[in-house]
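J.: Could you work out the structure for the sequence below:
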Amino acid sequence: MTENWSIIDFKDLMKSILNGNRCIQDPISVSNKRRDTVSNTSFLNLLLSYNNVTKDNILDVLANIYGRFHNRINELKENKIVQNMMDCINQEWYNPDYMFITQYPFSDNFFDKNLENKPMYERSCKVCEEIKNLSTIEHNIPLKIEKEGVHPLDKHFTQGIGICKTSIETIEKNLQEINNIIDQMKKEDMTQFIDLSIKHKSLYLKLSDKDEDDESIPENIHRIFSNYYHIHNLLLKQLIQYYHFILHLLNELKERCQTLENLQQNVHAIAYFDEEEEEDDGDEDSQLLVQDGEIYSRDKESNENDSAVQKFLSFF
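T.: Residues are numbered from 1 along each chain as shown. Alright, predicted model coming up:
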């Protein structure tokens, strides 16, 4: 759409929905660059038409808009005429708890923490796959290996499993926070905000015995509350979808980690002898190293007759 259609300036779009001049639930008209054709699109599709808004960050965008609506409603609540209408509606619902108290559910570092979920998953999966490949060539491991008699892949399994479990623990914490926010948003009662969405400006003035227009009340105040609960619903749905996406990554990572643990239990099913104690002649086998999620070999002496393991590792 961005190539063939003229997109509404984002600041103008935000201003229009926060002031109630545009309804989120209504189709939004956009014209082509020649301005001879008009097309309708939804609010969500319009957001995704901006070059820097993608499916990967749409949750962040909706949360930002949601926060702006919280600030807007808090501003309106300071107006005595609006406060009078809210008090009246609350009494009509016979609700002892005042319903027009809005809280922004996201912590300051929520999106920074969750930004690492997918990269952390991908890094851990890469380590799992590389160590799994190493285990498939263990039949080429020489019979005579290190003096300590430790299986040459043991430390790599330990490091790989450690990386996976750290990622799993972090993602689980983030997932729990997402679930808590979902529960919090589900518990918010939107009924009275829906009621406000059908209360036009004239009703505010009448309730407060205002004979003349009051410019402190937005002309389309009913649309502001309508847009608010629609944004609330869009954000909640996006959170639920994001939760299940991260849950899928977590379950897959747990399976990969379990596969590594199973492989580690089987690595001793090979034959090898401990080297006899002797002076270090500098002719030790090459070492396998894992650093920053990457696996590579460090040869202590070049040798044209490298083992199959060393040749395999030279590709990393």
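J.: and residue 232, what is it in contact with?
T.: Applying Cβ atoms under 8 Å, 6 or more residues apart in numbering to residue 232 gives the contacts 66, 185, 188, 190. Placement of C-beta: from N, CA and C, glycine included.
J.: Tabulate those residues in CSV, adding columns for neighbour count.
T.: Formatted as CSV, the entries for the contacts of residue 232 read as follows, by neighbours: other Cβ atoms under 10 Å:
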residue, neighbour count
66, 20
185, 18
188, 15
190, 16
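J.: So which of these are in strands?
T.: Within the contacts of residue 232, membership in strands is found for no residue, as judged by DSSP state E.
J.: Out of those, which is nearest to residue 221?
T.: Checking those against residue 221 by Cβ to Cβ gives residue 190 as the nearest, at 16.8 Å.
J.: Report how many residues lie close to the closest residue to the closest one other than its chain neighbours.
T.: For residue 190, the nearest residue in space outside its immediate sequence neighbours is residue 229; the separation is 4.7 Å by Cβ to Cβ, 6 or more residues apart in numbering. By the other Cβ atoms under 10 Å criterion, the neighbourhood of residue 229 contains 20 residues.
J.: doesn't residue 168 make contact with residue 254?
T.: Yes. Using Cβ atoms under 8 Å as the test, residue 254 is close enough to residue 168 to be in contact (6.1 Å).
J.: Now the residue nearest to residue 190: which helix or strand?
T.: Using DSSP states H and E, the element containing residue 229 is helix 221-266.
J.: One more: residue 97?
T.: Per DSSP H and E: nothing holds residue 97, as it lies in no helix or strand.
J.: quick one, phi/psi of residue 37?
T.: According to degrees, to the nearest 10, the main-chain angles of residue 37 amount to phi -140, psi 140.
J.: what separates it from residue 31, distance-wise?
T.: Distance of residue 37 to residue 31, given as Cβ to Cβ, to the nearest Å: 7 Å.
J.: repeat for residue 86
T.: Per Cβ to Cβ, residue 86 is found 39 Å from residue 31.
J.: Out of these two, name the residue with the larger neighbour count.
T.: Counting neighbours by other Cβ under 10 Å for residue 86 and for residue 31 shows that residue 86 has the greater number, 22 against 12.
J.: Where does the more buried one sit, in terms of helix or strand?
T.: helix 80-92.
J.: what sits up against stretch 191-206?
T.: The contact list for stretch 191-206 (Cβ under 8 Å, 6+ apart) reads 81-82, 84-86, 89-90, 92-93, 95, 99-100, 210, 213-214, 217-223, 225-226, 228-229.
J.: now do the same end-to-end measure for it.
T.: Taking Cα to Cα, to the nearest Å, the span from the opening residue of stretch 191-206 to its closing residue is 22 Å.
J.: Enumerate the positions of that stretch that are buried.
T.: If you call a residue buried by 16 or more other Cβ atoms under 10 Å, then stretch 191-206 has these buried ones: 192, 193, 195, 196, 197, 199, 201, 204, 205.
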